[in-house]
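> Predicted model follows, preceded by the sequence.
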Amino acid sequence: RFFPIEAICLPPAVMSGGDFRRYVIYKAHPELLADTLRKQMPEDTRWDIPFYRYKPASDNPSFSTNSFGLRSAEITIPKQEDEFRILCIGGSTTEEGASNETTYPSLMEGCLAQAFPDRKIEVVNAGISGISSDWHLLRINDYLKWEPDLVIIHVGVNDLWRQYNLKWAVNMLADYSHFARLLFSHVGLRGAGSIGNTGLCLEIMTMYFQQSGAAVAFASIAHPNTELISKAEKQYYNYQAWNKWQLPAFSFDQYADDIESSNRMLNEISKKHNTFYIPVAESIKGTTSIFWDFCHMNPEGIAMKAEIMCDFVAEILKTHLSKRQYPIP
């Protein structure tokens, strides 16, 4: 009714014990939904396609975009021969900052400029608020078009957000419908299945980047420290998730476990594909002093993250900048 969606509905398959599973395979690329979505959005929105791409050439003092819709300075294609380009992809934990200049990619670029004054090092902020790993994969041609030498992948929160939304929807429907209880009886709400889907997308992306000659680094997602957090702070984060994010199924304790599992997955993929792993989460300790919710940071926290990223990337560049040997950790 609202969106052009292609779907293939397969008949139920009989499982062991007489249980049934229903399978629906659908194709709904964001580009197919764009025209319909644009008609529903206000004119002053920053979105071209929600949670997929920002409007290009947006000029706002606190949030501006270049001709590619990136919250970054203008980039040239092809890039200069002596230029080393770092592409930072992720969700709002990459894009976040009170201004373009206070995001972690921008701060990291300034830090690297001081460390390598005789080199042209460009850090591109390709973060998109709300984007998840499968939609990152759909944007792989955009990422490759920007000719990165190093890609920093900083993901995990939005894949969990979908998972919590599904949990809430399934539980709500099951409370009201016997059919829903049967239909969703085998839906995996947590664990290896959902993380596996994220990991598959990230592995495919990694292989694409490596085949194009770019090095890849996975950066773990930091969260408020579970050993330092008080009961009141935990309640504060839960309240924000329930009200601002509209996640009734959220609990901070569960989130901490889940994001740590996601970070372990990033580390495992890094080892499997011979990439770099930047221990952001393992290096940051703090609660409301640097986090204003369970995943987003205040300026002090963003600066800490940028410093960790800069120090790690500087070591990579000292070893590999002149050799141009990728991917080699």
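Ah, there it is. Residues are numbered from 1 along each chain as shown.

> quick one: the helices in the stretch 201-329 of the chain?
231-243, 252-272, 280-283, 299-320 (DSSP state H, counting those that start in this stretch).

> closest one to Asp134 among these?
helix 252-272 (14.6 Å; Cβ to Cβ). (Glycine included, C-beta is placed from N, CA and C.)

> Could I get the contacting residues of the nearest residue in space to Ser251 that is not next to it in sequence?
Once flanking residues are discounted, Ser251 sits nearest to Asn238: 6.3 Å by Cβ to Cβ, 6 or more residues apart in numbering. Asn238 makes contacts with Phe250, Ser251, Phe252, as judged by Cβ atoms under 8 Å, 6 or more residues apart in numbering.

> would you turn the residues you listed into a markdown table with distance to Met205 and pLDDT?
Shown next, in a markdown table, are those (distance: Cβ to Cβ, whole Å; pLDDT from 0 to 100):
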| residue | distance to Met205 | pLDDT |
| --- | --- | --- |
| Phe250 | 27 | 84 |
| Ser251 | 30 | 90 |
| Phe252 | 29 | 94 |
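
> For those, pick the one with the most neighbours.
Per-residue neighbour counts (other Cβ atoms under 10 Å) across these peak at Phe250, which has 22 neighbours.

> related to what we said a few turns ago, any chance of CSV for the contacts of Asn238, columns distance to Val280?
What follows is the contacts of Asn238, written out as CSV (distance: Cβ to Cβ, whole Å):
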residue, distance to Val280
Phe250, 22
Ser251, 23
Phe252, 19
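
> out of those residues, who's nearest Phe209?
Phe250 (32.2 Å).

> my read: that closest one touches Trp242, true?
Yes - assessed by Cβ atoms under 8 Å, Phe250 is found in contact with Trp242 at 6.4 Å.

> Next up, identify which helix or strand Val124 is on.
Using DSSP states H and E, Val124 maps to strand 120-125.

> list the helices and strands that strand packs on?
If contacts are counted by 3 or more Cβ pairs under 8 Å, 6 or more residues apart in numbering; DSSP states H and E, strand 120-125 sits against strand 83-90, helix 104-115.

> which among the contacts of Asn238 gets closest to Ser270?
Using Cβ to Cβ, the contacts of Asn238 come closest to Ser270 at Phe252, 26.5 Å.

> measure the closest one to Lys244 for me?
14 Å (Cβ to Cβ, to the nearest Å).

> before we move on, the earlier item: minimum distance to Ser92: which of the helices of the stretch 201-329 of the chain has it?
Short answer: helix 299-320, nearest of the helices of the stretch 201-329 of the chain by Cβ to Cβ, at 11.5 Å.

> got the CA coordinates for that closest one in CSV?
Extracted in CSV, the C-alpha atoms of helix 299-320 (Å, rounded to 0.1, in the frame of the first residue of the first chain):
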residue,chain,number,x,y,z
PRO,A,299,32.2,16.3,24.0
GLU,A,300,34.6,15.0,26.5
GLY,A,301,33.8,11.4,25.6
ILE,A,302,34.0,12.1,21.9
ALA,A,303,37.4,13.7,22.4
MET,A,304,38.6,10.6,24.3
LYS,A,305,37.4,8.3,21.5
ALA,A,306,39.1,10.5,18.9
GLU,A,307,42.4,10.3,20.8
ILE,A,308,42.3,6.5,21.0
MET,A,309,41.5,6.3,17.3
CYS,A,310,44.3,8.7,16.4
ASP,A,311,46.9,7.0,18.5
PHE,A,312,46.1,3.6,17.0
VAL,A,313,45.9,4.9,13.4
ALA,A,314,49.1,6.8,13.8
GLU,A,315,50.9,3.5,14.6
ILE,A,316,49.4,2.0,11.5
LEU,A,317,50.5,4.9,9.3
LYS,A,318,54.1,4.9,10.8
THR,A,319,54.4,1.3,9.7
HIS,A,320,52.5,1.2,6.5
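
> picking up where we left off before, can you lay out the helices and strands packed on strand 120-125 as CSV showing mean neighbour count and mean pLDDT?
Output for those, formatted as CSV (neighbours: other Cβ atoms under 10 Å; pLDDT from 0 to 100):
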stretch, mean neighbour count, mean pLDDT
strand 83-90, 24, 96
helix 104-115, 20, 97
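
> Give the buried residues for stretch 60-76.
Going by neighbour count (16 or more other Cβ atoms under 10 Å), the buried part of stretch 60-76 is Ser64, Thr65, Asn66, Phe68, Gly69, Leu70, Arg71, Ser72, Ile75.

> Over to stretch 201-220?
201-202, 205-206, 208-210, 214-220.

> Just the closest of those residues to Gly97, please.
Nearest member of these to Gly97, counting by Cβ to Cβ, is Ala219, at 15.9 Å.

> show me what contacts that closest one?
By Cβ under 8 Å, 6+ apart, the neighbours of Ala219 are Gly90, Ile152, Ile153, His154, Leu266, Tyr277, Ile278, Val280, Met309.

> If we use 10 Å, what do you get?
88, 90, 93-94, 104, 152-156, 263, 266, 276-281, 305, 308-309, 312-313 (Cβ atoms under 10 Å, 6 or more residues apart in numbering).
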